[in-house]
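Peer 1: Here is a sequence with its predicted model. Questions after.
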Amino acid sequence: MSVAVSKLPSGLTVITDTMPHLETAALGVWAGVGGRDEKPNEHGISHLLEHMAFKGTSKRNAREIVEEIEAVGGDLNAGTSTETTAYYARVMKADVTLALDVLADILANPSFVPDELEREKSVIVQEIGAAQDTPDDVVFEHLNELCFPEQPMGRSLLGTAKTLKSFNRDMLRGYLSTHYRGPDMVVAAAGAVEHSRVVDEAAKKFASFEASAGPKPQAAQFGKGGSRVVHRDLEQAHLTLALEGVPQSDLSLYSLQVFTNTLGGGMSSRLFQEVREKRGLCYSIYTFHAPYADTGLFGLYTGTDPADAPEMMEVIVDVINEAAVTLSEAEVARAKAQMKAGLLMALESCSSRAEQLARHVLAYGRPLAVEELVARIDAVSVESTRKAAQGLLTRSRPAVVALGGGRGLDTAVSFAEGLTRSKAKTLLH
């Protein structure tokens, strides 16, 4: 595989990984803008803009956009996250130029037809309703609010019916002009692609984007923790716990990820073995760490019978605190092997590879070589993992949310809120 990078006069970065054995290519445009860039009156506009990109341009109507890609056997999609928005396609190698033309067209020449805009706003209102009917969506929405209170990062990406109603084509054009700028955008492609050809096409098709960078979002501040119980008549109690993690640039990132994996990253993890296999308290339990530009979020999710919620949370707290000081060489080695396997397996997918390259450029300003990533994982030790875990348990108070019915939820969140920090201190001193 051969990675090549070019910077266009507009500041836009073009990065490709040519994979000669493939007959297909994945390519897309990643913009460094997402939910955290929105002002209060713009709540949900990043996601709406992503939807509207496919609803017509000055050259193509909504149907023509998808028909041109699907007529050659390709597919087209997009996604919005906290810090990025992506528009991407998967096509045969002969159709890379077509895919680039369509992707550039939807971003450079959107029509924002009023009728289409109103229809799509209604679609997203339905999406909001569907999310409210999904307990694990609801519980994480509350958790984000608790972790990042009164901040864009604490708000749902979908917006609200009220904010959506206020958006018009002028607001969409203004947001696009403000945040979609050359230095904040990456065109990434992997698979059956030729770097010089992608660069030439991107230079022509993305020439209209401003060459100056857009505004930076407000700095994130992890909240003071605390707990929230959301009462709903549900069969299960949905429990979440979060702690302040570390940003993408933090030297302990890989050690913390190893700790996260040993806790709840698979069937061999401590939580899965103790809570599900040994005690039968749940069907699903997992942990994750999401690094952002200036902060991070460690999280845990599980669902259990409401009557078992207090025992569940007490066990979780004990397992987390004990793991911070008793992790073994075997556990760390297993987590490192899982991370390296996941990294290397992703290289076999041109879609995963294109996304990885784009995210590296947006986060670090350059692609990280596979060898460099593997070396960072290999450098993790039992000592560095324990140190990262101890930092996690003392950096912030936990934020805890329980969703469901029954009397046990208040007891459950009190265990998590009170024991995690105090027991961590006992174990660490």
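Peer 2: Nice, I can see it. Numbering: from 1, shown residues only.

Peer 1: which SSE is the residue nearest to residue 378 when sequence neighbours are not counted in?
Peer 2: Leaving out its chain neighbours, the residue that sits closest to residue 378 by Cβ to Cβ, 6 or more residues apart in numbering is residue 336, at 7.0 Å. Where C-beta positions appear, they are placed from N, C-alpha and C, glycine not excepted. Mapping residue 336 onto the secondary structure by DSSP states H and E places it in helix 329-346.

Peer 1: outside of the next helix or strand after that helix, which residues touch it?
Peer 2: Using DSSP H and E, the next helix or strand after helix 329-346 towards the C-terminus is helix 350-364. Residues from elsewhere that reach helix 350-364, judged by Cβ atoms under 8 Å, 6 or more residues apart in numbering: 1, 3, 5, 13, 15-17, 19, 22, 24-28, 30, 32, 83-84, 86, 88, 90, 184, 186, 188-191, 248-249, 293, 346-347, 366-368.

Peer 1: try stretch 240-248
Peer 2: Here stretch 240-248 makes contact (Cβ under 8 Å, 6+ apart) with 139-140, 143, 146-147, 222, 252-253, 256, 289-301, 313, 316, 363-364, 388, 391-393, 395-396, 398-402, 416, 420.

Peer 1: mind listing which of these are in helices?
Peer 2: 139-140, 143, 146-147, 253, 256, 313, 316, 363-364, 388, 391-393, 395, 416, 420 (DSSP state H).

Peer 1: how about the helices in the stretch 1-150 of the chain?
Peer 2: Counting by DSSP state H, counting those that start in this stretch, the stretch 1-150 of the chain has helices at residues 45-52, 62-70, 96-108, 114-132, 135-147.

Peer 1: how does this protein divide into domains?
Peer 2: In terms of domains, the chain is parsed into 2-205, 226-428 (source: automatic domain parsing).

Peer 1: Can you measure across the longest one, start residue to end residue?
Peer 2: In other words, domain 2-205. This stretch, domain 2-205, spans 24 Å end to end (Cα to Cα, to the nearest Å).

Peer 1: What average pLDDT does that domain get?
Peer 2: Average pLDDT, domain 2-205: 96.

Peer 1: Against which helices or strands is the helix holding residue 336 packed?
Peer 2: If you count contacts as 3 or more Cβ pairs under 8 Å, 6 or more residues apart in numbering; DSSP states H and E, helix 329-346 packs onto helix 253-264, helix 350-364, helix 370-378, helix 382-395.

Peer 1: okay, those helices, which one's buried deepest?
Peer 2: Comparing the helices and strands packed on helix 329-346 by mean neighbour count (mean count of other Cβ atoms under 10 Å), helix 253-264 comes out on top with a mean of 25.

Peer 1: chain center to that one: distance?
Peer 2: Computed by Cα atoms, centre = their mean, to the nearest Å, the chain-centroid distance of helix 253-264 equals 17 Å.

Peer 1: right, and the helix or strand after it?
Peer 2: helix 270-271.

Peer 1: Quick check, residue 13 in contact with residue 198.
Peer 2: No - the pair residue 13 / residue 198 is not scored as a contact, 11.5 Å apart, by Cβ atoms under 8 Å.

Peer 1: residues shared between the contacts of those two?
Peer 2: residue 187.

Peer 1: Hmm, residue 194 is touching residue 18, no?
Peer 2: Yes - the pair residue 194 / residue 18 is scored as a contact, 6.9 Å apart, by Cβ under 8 Å.

Peer 1: list the contacts for residue 208?
Peer 2: By Cβ under 8 Å, 6+ apart, the neighbours of residue 208 are residue 108.

Peer 1: just use 104 as the starting number from now, easier for me
Peer 2: Renumbered: residue one is now 104, and that last one reads residue 311.

Peer 1: how about it, secondary structure?
Peer 2: Under DSSP: H, G, I helix; E, B strand; the rest coil, residue 311 falls in the coil class.

Peer 1: What confidence value was assigned to it?
Peer 2: 92.

Peer 1: burial count for residue 334?
Peer 2: 12 (other Cβ atoms under 10 Å).
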